[in-house]
Every structure is written in structure tokens, then in C-alpha cells.
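Asks: I would like to see how this sequence folds:
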Amino acid sequence: MDTRALGEGAATGVGRYIQALIGAFRESRGIDLALYPDRGLRVVGPQVLIPLRMRGDHAQLIHGPANALPLFGFGLPGVVTIHDLAIYDHPEWFPAGQWFATRVVVPRSVHQARAIICPSTATREAVVRHFQVDPQRCRVIPHGVETEFSLPISTAVRADLAARYALPDRYLLQVGTVQPRKNYVTSLRALARIPAEQRLPLLVVGGFGWKYDDVVDSVRELNLEQWVRFVGYAAMEELPGLYQMAQAVLFPSLDEGFGLPVLEAFAAGTPVVASNAGAIPEVARDAALLSAPTDDAALAGNLARLLTDRALRERQVAAGRARAALYTWSASAAAHRDVYESIVSG
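Replies: From the prediction side, this is the model:
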């Protein structure tokens with residue numbers, strides 16, 4: 001497995017996916033997993049030297065879990081995971097300087113892979129649309145959610161988190177890098193629509209990425225300085241508690257290949273208001289209140305309903321827990337193993 005992406009931040013969705021797979025494989029039998037994290041020379045290292053090392057180590061298969069395989073596989077069959085292809089439809093949402101990845105590495109990886117793993121049907125459809133590959137080469141394998149999210153946190157952990165983050169008694173939560181695709185501006189506009197006497201503060205868990213100026217400017221323009229707190233990335237062990245203590249989770253993303261925060265909130269027993277973009281409806285079904293990504297009035301309305309209608313809230317929490325129970329990393333890893341075995345034996 002090519003694990004270079006872990007060096008770019010294990011707190012991201014791709015990093016979480018790689019770490020979860022590694023953990024699940026190590027707890028099961030039948031997979032002899034070797035990790036290759038070295039970055040080395042910028043191009044020659046990952047594209048030539050790492051696959052040469054894999055070949056020398058007698059690997060039977062290369063898995064590129066972060067949208068890419070080495071350009072030179074030296075005869076080793078490859079599996080690539082494509083998480084999403086939003087950069088092709090909306091390059092303005094992403095940092096510049098990714099020509100080599102988007103025009104060379106990703107297309108070549110898709111076409112040379114023996115199998116393409118996608119976390120959702122939405123991503124599979126995007127792969128077929130952009131690269132005209134046979135849909136049969138794409139295997140939809142959803143992500144899982146760690147059991148820690150569903151285990152109630154103790155009173156001591158609650159107190160520790162409340163002190164560490166200076167948490168109010170009631171708050172809203174949004175998790176994700178502050179960048180255009182996560183659509184924080186719509187969250188802020190929805191928050192501003194709620195009367196101050198009914199409004200709850202918003203805790204933003206995620207680092208500042210790129211093009212975040214509009215988000216910071218919106219906080220000031222909407223007079224929300226006292227209502228929004230950016231706390232950066234939270235450690236994995238803190239996330240379950242932050243979800244469980246929140247009154248609701250917002251996730252109005254403009255596009256997602258899966259949407260882990262939705263599943264994490266479901267497991268934690270926290271209701272979700274989200275957009276109907278990308279794979280979010282596929283993951284959430286009727287367990288979240290969905291609206292168009294930029295419709296801040298609808299987002300505010302759904303949020304207000306969750307906060308005031310106790311029966312609705314209880315139904316959404318129960319539906320969310322039921323959805324989360326369908327997604328486990330052990331099942332995801334087993335499906336990955338099936339793909340590996342079909343290629344090695346075939």
C-alpha cells in the first residue's frame with residue numbers, strides 16, 4: 001500500500017480511510033500488508049523508486065488508496081481508490097498547481113488499474129463520466145465508522161472537553177477543512193437567519209485550507225464574531241465527544257465522494273442538517289434533513305426544526321444510528337480483500 005498521503009495529514013478523510021484500512025487488515029488474517037510511506041524524490045521516488053522497491057519486496061499487488069498509482073508498475077497489478085473527482089468539475093474549489101496529478105497521474109491510474117474502488121455510487125458515476133471506463137471495473141465499497149463514535153463518553157471526558165475547548169452548554173458543530181467545497185459560507189448565512197435569542201454558537205473543527213477569506217469575511221459581515229469559533233483540527237480521540245455533545249451537525253458541502261462527518265454524527269447520536277449534493281443523499285438517506293447546497297434559508301429552517309421539534313429530533317437520531325450501524329470498517333476491509341484476491345487469483 002502506498003501510504004504517502006498520510007504524510008499530508010491523517011486528519012483528512014483520505015488519511016482516515018487509509019488508517020482505518022491498515023487497522024482493519026492488521027486485525028484480520030489473509031493480508032500481508034507492507035506500507036510504503038517514503039516520499040523521496042518528488043517525482044522519481046513515488047513513480048519509479050517506490051514501485052521498484054515493491055517489486056523487489058515480492059509484492060503481489062499495489063493499492064493506491066489516494067487517487068493514484070505509480071506511473072510505472074513494473075508488471076505489478078494495481079488497485080486504485082478514487083475518492084471523488086470534484087476537481088474536474090470545479091477546479092476553482094481547489095489549490096492551483098495540480099496539473100500533473102489531474103492530467104497525468106489520475107487518468108493513467110484509472111486506466112491502468114485492474115480495479116477501481118469508489119466509496120459511493122456517485123463517485124463511480126463520476127469516474128465513468130470523466131474517463132469512459134467500463135462500470136464493471138469500478139467496485140463501490142463504502143467507508144465505515146469507528147465504534148468509538150457510538151460509545152457514550154464519560155462524565156469526566158465531557159468535563160475535560162468542555163474545559164479544553166471552552167464549550168458552551170449547547171452548540172452546533174461543523175467538521176471539515178475550511179475551504180470552498182465545505183461551504184461554510186452557507187452555514188454562516190443560515191446561522192445569521194436564526195434570531196439571536198434562539199441561535200446557538202457554531203464550533204468549526206478543521207484547519208484553514210485554501211480560499212478561506214470568504215468565510216472569515218462572512219463572519220464579520222454577518223456580525224457573527226461572538227457566535228463562531230474556529231478551533232482547528234481535533235485529535236481523533238476527541239472527535240466522538242465533540243459530536244456527542246453537539247446539538248446538531250451541519251454539513252452543507254457543495255460536493256462529496258462520501259461524507260464521513262455525516263456518518264460520524266449518526267453514530268454519535270447527533271442529528272444532521274446537510275446538503276443534497278454528491279454522495280451525501282446516498283449515505284444519509286432520510287436520516288438527515290437535506291436541502292440544496294446554497295439554500296441558506298432551507299438550511300436554517302431545517303436546523304430550527306431540529307432544535308425545536310423534539311419528536312422530529314428523536315426520529316432523526318434513531319434513523320441516524322440505524323444508518324451508521326450499516327457501515328463498519330471491518331466490512332469495508334473485507335470487501336477490499338475480496339477485490340485484492342480476485343485480481344491476484346485471476
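
Asks: centroid residue for the chain?
Replies: Note on the chain: the residue nearest the mean C-alpha position is G13, at 3.7 Å, using Cα atoms, centre = their mean.

Asks: Give me the nearest residue to that residue, chain neighbours excluded.
Replies: Excluding the flanking residues, the one nearest G13 by Cβ to Cβ, 6 or more residues apart in numbering is L260, at 5.2 Å. For glycine as for every other residue, the C-beta is placed from the backbone atoms N, C-alpha and C.

Asks: For the one you found, give its distance to V204.
Replies: Note on L260: its distance to V204, by Cβ to Cβ, to the nearest Å, is 16 Å.

Asks: check contacts around the residue nearest to the centre of the chain.
Replies: Contacts for G13 were tallied using Cβ atoms under 8 Å, 6 or more residues apart in numbering; they are H83, F258, L260.

Asks: mind putting these in a markdown table, distance to F208 and pLDDT included?
Replies: Output for the contacts of G13, formatted as a markdown table (distance: Cβ to Cβ, whole Å; pLDDT from 0 to 100):
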| residue | distance to F208 | pLDDT |
| --- | --- | --- |
| H83 | 21 | 97 |
| F258 | 23 | 97 |
| L260 | 19 | 96 |
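
Asks: G278: which of those residues is nearest?
Replies: F258 (8.4 Å; Cβ to Cβ).

Asks: The closest one: what's it in contact with?
Replies: G13, H83, D84, P119, S120, T123, P142, H143, A279, V283.

Asks: What mean pLDDT does the strand or helix carrying A311 get?
Replies: Per DSSP states H and E, A311 falls inside helix 310-324. Helix 310-324 comes out with an average pLDDT of 98.

Asks: Name the residues of that helix that are buried.
Replies: Residues of helix 310-324 classed as buried: R313, Q316, V317, A319, G320, R323, A324 (neighbour count, 16 or more other Cβ atoms under 10 Å).

Asks: Find the nearest non-adjacent residue to K211, please.
Replies: Nearest to K211 is P180, by Cβ to Cβ, 6+ apart, at 5.2 Å.

Asks: Quick check: the gap between the one you found and V215.
Replies: Distance of P180 to V215, given as Cβ to Cβ: 9 Å.

Asks: next one: V80
Replies: V80 is 32 Å from V215, where distance means Cβ to Cβ.

Asks: Those two: who's more crowded?
Replies: Using other Cβ atoms under 10 Å as the criterion, V80 and V215 rank with V80 on top: 26 against 22.

Asks: So what pairs up with the more buried one in the strands?
Replies: V80 has these beta-bridge partners by DSSP bridges: G64, I116.
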